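Student: Got a sequence here, can you build the structure:
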Amino acid sequence: MIADADSVDVDGVLAGDLAAFERIVRRWQGPLVNLAFRFCHERGRAEDLAQEAFLRAYRGLGRWRREAAFSTWLFALATNVYRSELRRLPPPSASFDFVAEPSTGDKDAANVRLEAADRDRAVRRAVDTLPAKYREALILFYFREMDVAAAAESLGVPTGTVKARLSRARDLLRRKLPPDLHVARLTEA
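Tutor: This is a model prediction of the structure:
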């Protein structure tokens, strides 16, 4: 089980076994890079952010309280690293004038895939333009698929705050996206 492996490896690192930390990195590198990518949308930068998160995790392993899963602690730490980094940069702006009118008639599979990709890009751009506190809640809840409690713990806020931020973020997205753009997954939750 991953949680058991994490505990064993953390104990190993704290006892001086550097190979144990390498196992932690191998186990969690993909998920941390993916989470970072959701924040910055640049693969190279996401890898750098994940590396910084692992460095901070290594330095702070002794502060992990075993009341929560190691993964929860690690994702909270990584989220804080990513948030700090992104606060230094201005939020991107995006225009939704590029969204084409939906076509009528029969659609072949390629057109359906292209439209889905366009829709996904439009949603990602809209999410990127949200204020950080709303964007972070959405990323953790919808894209990282954390439940409200885990997102709240990762962000260091009460669950009610996460629920309010998600509600406000969905409302902002409804206003930013064209009405015919189907984003039911985000706006109807």
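Student: what's the distance between the residue nearest to residue 70 when sequence neighbours are not counted and residue 87?
Tutor: Leaving aside its chain neighbours, residue 70 sits nearest to residue 6 (3.8 Å; criterion: CB to CB, 6 or more residues apart in numbering). In this view, the C-beta of every residue, glycine as well, is placed from N, C-alpha and C. Residue 6 sits 29 Å away from residue 87, going by CB to CB, to the nearest Å.
Student: So which of the two has more stuff around it?
Tutor: Ranked by neighbour count (other CB atoms under 10 Å), residue 6 and residue 87 place residue 6 first, with 22 against 10.
Student: Quick check: that one vs residue 71, distance?
Tutor: Note on residue 6: its distance to residue 71, by CB to CB, is 7 Å.
Student: same thing with residue 138?
Tutor: From residue 138 to residue 71 the distance is 20 Å (CB to CB).
Student: Which positions within the helix or strand hosting residue 174 qualify as buried?
Tutor: Assigned by DSSP states H and E, residue 174 belongs to helix 159-176. For helix 159-176, a neighbour-count test (16 or more other CB atoms under 10 Å) marks 161, 162, 165, 166, 169, 170, 172, 173, 176 as buried.
Student: Adding distance to residue 23, write those out as JSON lines.
Tutor: JSON lines is the format used below for those (distance: CB to CB, whole Å):
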{"residue": "161", "distance to residue 23": "35"}
{"residue": "162", "distance to residue 23": "31"}
{"residue": "165", "distance to residue 23": "35"}
{"residue": "166", "distance to residue 23": "34"}
{"residue": "169", "distance to residue 23": "36"}
{"residue": "170", "distance to residue 23": "39"}
{"residue": "172", "distance to residue 23": "41"}
{"residue": "173", "distance to residue 23": "39"}
{"residue": "176", "distance to residue 23": "42"}
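Student: now, which of these sits nearest residue 28?
Tutor: The closest of the buried residues of helix 159-176 to residue 28 turns out to be residue 162 (CB to CB; 22.6 Å).
Student: Can you give me every residue that contacts the spatially closest residue to residue 137 that is not a sequence neighbour?
Tutor: The spatially closest residue to residue 137, leaving aside those adjacent along the chain, is residue 165, at 4.0 Å (CB to CB, 6+ apart). Going by CB atoms under 8 Å, 6 or more residues apart in numbering, residue 165 touches 133, 134, 136, 137.
Student: Out of those, the closest to residue 57 would be?
Tutor: Here the nearest of the contacts of residue 165 to residue 57, counting by CB to CB, is residue 136; it sits at 18.9 Å.
Student: element containing the closest one?
Tutor: Taking DSSP H and E as the criterion, residue 136 maps to helix 132-138.
Student: Show residues contacting that helix.
Tutor: Identification of contacts with helix 132-138 by CB under 8 Å, 6+ apart yields 39, 79, 83, 86-87, 91, 127-128, 130, 151, 155, 162, 165-166, 168-169, 172, 186.
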